[in-house]
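Engineer: Predicted model follows, preceded by the sequence.
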Amino acid sequence: MRVTVIGAGSIGLCSALALAAEGASVQVVDSGVPGTGASSHNAGWVVPSMSAPVPAPGVMAKSLRWMLKPDSPLYIHPSPNPQFAAFMLRMLRNCTPSRFESGLKNLMALNERTFGLFDELERSGLRFENHRSGLVQLFRTQKSLDSHIDEMTQVRDLGGDDFEVLAREQVGDAIAGLSDSILGGIVCPRERFLDPAAFTASLITACTDLGVEFVDGTEVSLSQDGSGRVVATGNGYTTTADHFVVAAGAWSGKAVRGLGYTLPLQAGKGYGFDVPSMFPPGTRASYLSEAKVAVTPLAASTRLAGTMGFGGLDERIHARRANGILTSAADYFDNWVAPTGAVAWTGLRPMTPDGMPIIGALPAHPTVTVATGHAMLGITLGPVTGDLVAGSVFGRPVPGYADPFRLERFGRSALRR
Ligand SMILES: Cc1cc2nc3c(=O)[nH]c(=O)nc-3n(C[C@H](O)[C@H](O)[C@H](O)COP(=O)(O)OP(=O)(O)OC[C@H]3O[C@@H](n4cnc5c(N)ncnc54)[C@H](O)[C@@H]3O)c2cc1C
């Protein structure tokens, strides 16, 4: 079985590894350098308990309110593209309590094997910086704490992990240097965090060891040739394959447009900074809840990441927006001084209007499997997606828990015209 994977992020690499492990002959084509996009520029959290879909009750109203604030953590930059407006409208329709709960259930079921699959990767020889110290969400307002307790209770009642609510003094024991304005926290003890660049690098090494071939700097898209075969072409490159896997992140829609599909996908732009280590080894990752900033204490640096911006496939760095992350940290940590010369990075998350990924074969093209739309969970859901992609390529029946992630759920608007 010859398989071409388009995109070498967490999803494409986990898919390539699962396919090669089952004996497929795999080529991975990436428009840039494999493993260096959003999949290495993120907070690195492996967090099944944060399975809540992005479209949640109240989210759209909040982002509209914040629209005029140039350093807000959540914003929509309106685009004249009709697909953008249709996406936003659809997302709005998914912000009801019942749709939120159904998305949460589906994502929790998808996440059920997450920790086990990460353990399997490590057992099979992958080496990457991986921390099992859990994470703590920090709160400055009672309203925000109460609403997160409600959400975590919902997760627990649906079969998720238990959590612990900490008073101010207990939070101070867990994280050094916290500001007096923190009034409490929530600990998720089982959650993990890793160095995402080390994770993608270890996936590339493992793939290469199994004979996977990488083609860098080659942007491709799919179309059908005169005899009806699917071909990938671009930058002077052309290939056929027994099966294609489209894992091109926020660009996946472009890659399948030539086959007649309109994927309901938009980019959710995030920013981050790597600053000198702020915490002793063993410190939990923390979430600055009101500011929506993730703080990841890696061995060599501390990573601050956040912001969700809808504004198309735009990878430019807007300094004011990015700096909002550094500024907000001062509200949570005593004596915080934003490091001079910290360089912002950005990453585009692949977002769907219902907050759930698209995983499965294209309805009219059974030899093309799409795996994208992982939003804020593309590291967390990498291994399980790789497993499902391998199942799709080798023609195994779709397991029940994966059924809600088919493209067909979007009806005719996404399907072949
Ligand atoms: C600030 C921030 C924080 C985050 N924190 C977390 C977190 O803590 N935990 C978590 O689980 N997730 C997190 N995420 C989300 C996660 O990073 C994404 O969901 C994930 O990177 C998506 O992976 P992907 O492989 O689908 O896409 P990408 O990582 O974007 O990879 C897609 C690849 O496809 C290539 N490509 C694009 N178009 C083409 C083409 N036409 N031909 C060939 N190649 C192409 C690109 O070059 C790229 O390498 C975060 C994201 C951001 C931005």
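Structural biologist: Perfect, thanks for sending it.
Engineer: tell me the contacts of the closest residue to Ala319 other than its chain neighbours?
Structural biologist: Closest residue in space to Ala319, ignoring its immediate chain neighbours: Ala344 at 6.9 Å, by CB to CB, 6 or more residues apart in numbering. C-beta: built from backbone N, CA, C; applies to glycine. By CB atoms under 8 Å, 6 or more residues apart in numbering, the contact list for Ala344 reads 271-273, 317, 319, 322-323, 325.
Engineer: do the same with Thr302
Structural biologist: By CB under 8 Å, 6+ apart, the contact set of Thr302 is 274-279, 295-296.
Engineer: Adding secondary structure, pLDDT and distance to the ligand, write those residues out as CSV.
Structural biologist: Shown next, in CSV, are these (DSSP: H, G, I helix; E, B strand; the rest coil; pLDDT from 0 to 100; distance: CB to the nearest ligand atom, whole Å):
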residue, secondary structure, pLDDT, distance to the ligand
Asp274, strand, 96, 12
Val275, strand, 95, 15
Pro276, coil, 92, 19
Ser277, coil, 91, 18
Met278, coil, 89, 17
Phe279, coil, 90, 17
Val295, strand, 97, 11
Thr296, strand, 97, 7
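Engineer: From the residues you listed, list just the buried residues.
Structural biologist: Buried by 16 or more other CB atoms under 10 Å: 274-275, 278-279, 295-296, out of those.
Engineer: which of these lies closest to Leu17?
Structural biologist: Thr296 (23.6 Å; CB to CB).
Engineer: Which residue, other than its chain neighbours, is closest to the closest one?
Structural biologist: Sequence neighbours aside, Arg303 is the residue nearest to Thr296 in space, at 4.2 Å (criterion: CB to CB, 6+ apart).
Engineer: Quick check: bridge partners of that neighbour?
Structural biologist: Per DSSP bridges, the residues bridged to Arg303 are Asp274, Thr296.
Engineer: Quick check, pLDDT for it.
Structural biologist: With respect to pLDDT, Arg303 scores 97.
Engineer: One more: Arg416?
Structural biologist: Listed pLDDT for Arg416 reads 58.
Engineer: What helix or strand is Phe115 located in?
Structural biologist: helix 114-123 (DSSP states H and E).
Engineer: Which elements pack onto that helix?
Structural biologist: Here helix 114-123 touches strand 45-46, helix 382-393, going by 3 or more CB pairs under 8 Å, 6 or more residues apart in numbering; DSSP states H and E.
Engineer: So for the last one, what gets flagged as buried?
Structural biologist: Across helix 382-393, burial judged by 16+ other CB under 10 Å covers 382-393.
Engineer: I'd like those residues laid out as CSV, including pLDDT.
Structural biologist: Listed next are the buried residues of helix 382-393 as CSV, based on pLDDT from 0 to 100:
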residue, pLDDT
Gly382, 98
Pro383, 98
Val384, 98
Thr385, 98
Gly386, 98
Asp387, 98
Leu388, 98
Val389, 98
Ala390, 98
Gly391, 98
Ser392, 98
Val393, 98
